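# With the sequence up front, the predicted model follows.
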Amino acid sequence: MNIRDYDFVRRLAYEVRTHRRKLANLLRENTLQDTIRANLNDGDKKYIYLHWAESRNFGDWASFELTKILSSKKPLSTRSYYALRGQVGFSCIGSVLQWPERIPCEVWGAGFISASEKMLTKPKNIHSVRGPLTRQILLNNDIVCPPLYGDPAAILFKKYANKNIEKKYKIGLIPHYVDASDPAIEDMAKIEGVVVIDVFSDIKDIAYLCQQCEVIASSSLHGIIMADTYSVPNVWMSLSGVATKDGFKYSDYFSSVGREAELPLKRSHLSVKSIAKHAQLNRKMLDLKAVLAACPFSSDRGYEEVSAWLER
């Protein structure tokens, strides 16, 4: 071990003794080995710091997967990683901008969870956001934000686009994970031609099932985004206030694709007939090439790979 490495380990030992809570957060997501490596000389070449929800829910996991591919680095969470060095994190996908950040962050495609939120720490830079409503909150707080919109998860979903998949189900339900055991979902699942899609499945499997459906009803925002990406008619359903809140994140996305403001389909109206009646086919697609071009951390290899998805 050279002197520089010894000094780092000594500083880490000091932080262990005096900041036990921070160490617990560190160990929650990342291994101690990864954290040490990230602070050594080659850390910047192998790791990228990601401000995300740290969940296997497919909409959240898309942030981890897309960042890993585009950057050609392993993502480490800015929330569970105690930054001993001055690093920059990236906030890319999901309703996460209201969460406090431990290190300066740059924003690429993320949004707020509700209209009453704001960023607790001024970002280092904003390259794009999920939609116009998120941008307006930032502008109201004197934060410069370009008018470039789009949830980057749609870029990852393009990876699994397959026009040759045949329709198998009349209705696909994508409940938010808090709605998965809702009685209305359990009742609908018993109907022939209806499939319930688990948001904790692999993204590839969810994408395949989504494209097998004639219509999608989703209380997961990324279920709606995925259906739009594959040109599957869809409707927003609301089964709990926990997932829907004030509807901001849905309206933020709808406004980014020119989709008119809509009220969600409530539990009492959840039926095959009502879903088919209210489902919309979104014909205005996001400019994903412009969103990709604005990515601040893409490697040459990652950019080339991801660009190929958008040609499908």
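Sure, I can see it.

# Could you identify the helix or strand that succeeds whichever helix or strand residue 63 is part of?
Here residue 63, judged by DSSP states H and E, is contained in helix 58-71. Once the chain leaves helix 58-71, the next helix or strand it forms, by DSSP H and E, is strand 74-77.

# Contacts for the helix holding residue 63, please.
The contact list for helix 58-71 (Cβ atoms under 8 Å, 6 or more residues apart in numbering) reads 48, 50, 52-55, 74-75, 90, 92-94, 152-153, 155-157, 199-203, 206, 220-223, 225, 295, 297-299, 302-303, 305-306. The C-beta positions use only the backbone N, C-alpha and C, and glycine is treated the same way.

# Is residue 242 in a helix, a strand, or coil?
When classified by DSSP: H, G, I helix; E, B strand; the rest coil, residue 242 comes out as helix.

# State the distance from the residue lying closest to it once chain neighbours are set aside to residue 57.
In this structure, residue 242 finds its nearest non-sequential neighbour in residue 178, 4.7 Å apart by Cβ to Cβ, 6 or more residues apart in numbering. Distance, residue 178 to residue 57, by Cβ to Cβ, to the nearest Å: 10 Å.

# I figured residue 214 was touching residue 169, is that so?
Yes. Contact criterion Cβ atoms under 8 Å: residue 214 and residue 169 qualify, at 7.0 Å.

# Looking at those two, which one has more neighbours?
Using other Cβ atoms under 10 Å, the more surrounded residue of residue 214 and residue 169 is residue 169, with 19 against 15.

# The more buried one contacts residue 210, doesn't it?
No. Residue 169 is not in contact with residue 210 according to Cβ under 8 Å; the separation is 9.7 Å.

# For this structure, give me the ranges with low pLDDT.
Applying pLDDT under 70 to the chain flags the ranges 1-44, 80-85.

# same thing but at 90, please
1-47, 76-88, 99-104, 121, 240-245, 260-262, 268-269, 282-285, 312 (pLDDT under 90).

# before we move on, the earlier item: mind checking how far the helix holding residue 63 is from the chain centre?
8 Å (Cα atoms, centre = their mean, to the nearest Å).

# buried set for that helix?
Neighbour-count burial for helix 58-71 flags 58-67, 69-71 (criterion: 16 or more other Cβ atoms under 10 Å).

# Send over that helix as CSV, restricted to the C-alpha atoms.
The C-alpha trace of helix 58-71 is given here as CSV (Å, rounded to 0.1, in the frame of the first residue of the first chain):
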residue,chain,number,x,y,z
PHE,A,58,-38.4,-1.2,-13.2
GLY,A,59,-38.9,2.6,-13.6
ASP,A,60,-36.2,3.2,-11.0
TRP,A,61,-33.9,0.4,-12.1
ALA,A,62,-34.0,2.0,-15.6
SER,A,63,-31.9,4.8,-14.1
PHE,A,64,-29.2,2.4,-12.9
GLU,A,65,-29.2,0.4,-16.2
LEU,A,66,-29.2,3.3,-18.6
THR,A,67,-26.5,5.2,-16.7
LYS,A,68,-24.3,2.1,-16.5
ILE,A,69,-24.6,1.5,-20.3
LEU,A,70,-24.2,5.1,-21.4
SER,A,71,-21.3,5.9,-19.1
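
# excluding its backbone neighbours, what's nearest residue 155?
The shortest distance from residue 155 to any non-neighbouring residue, by Cβ to Cβ, 6+ apart, is to residue 288 (5.3 Å).

# Was I right to think that neighbour contacts residue 159?
No. Using Cβ under 8 Å, residue 288 makes no contact with residue 159, being 11.6 Å away.

# Now for the two: what residues contact both?
Here residue 288 and residue 159 have no joint contacts, going by Cβ under 8 Å, 6+ apart.

# tally of neighbours for residue 267?
A total of 17 residues lie near residue 267 under the criterion other Cβ under 10 Å.

# Ramachandran coordinates for it?
The phi/psi pair for residue 267 (degrees, to the nearest 10) reads phi -50, psi -40.

# that older thread, the contacts of helix 58-71 in helices, which ones?
153, 155-157, 203, 206, 221-223, 225, 302-303, 305-306 (DSSP state H).

# biggest separation within those, which pair?
Spatially, the most separated pair among the ones in helices among the contacts of helix 58-71 is 223 and 303, at 27.3 Å (Cβ to Cβ).

# the strands in the protein, which residues?
Along the chain, counting by DSSP state E, strands occupy 47-50, 74-77, 89-91, 105-108, 125-128, 169-174, 194-196, 213-218, 234-238, 265-266.

# Mind putting the ones you listed into CSV with distance to residue 188?
Shown next, in CSV, are the strands of the chain (distance: least, Cβ to Cβ, whole Å):
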stretch, distance to residue 188
strand 47-50, 35
strand 74-77, 35
strand 89-91, 35
strand 105-108, 36
strand 125-128, 36
strand 169-174, 6
strand 194-196, 5
strand 213-218, 9
strand 234-238, 10
strand 265-266, 12
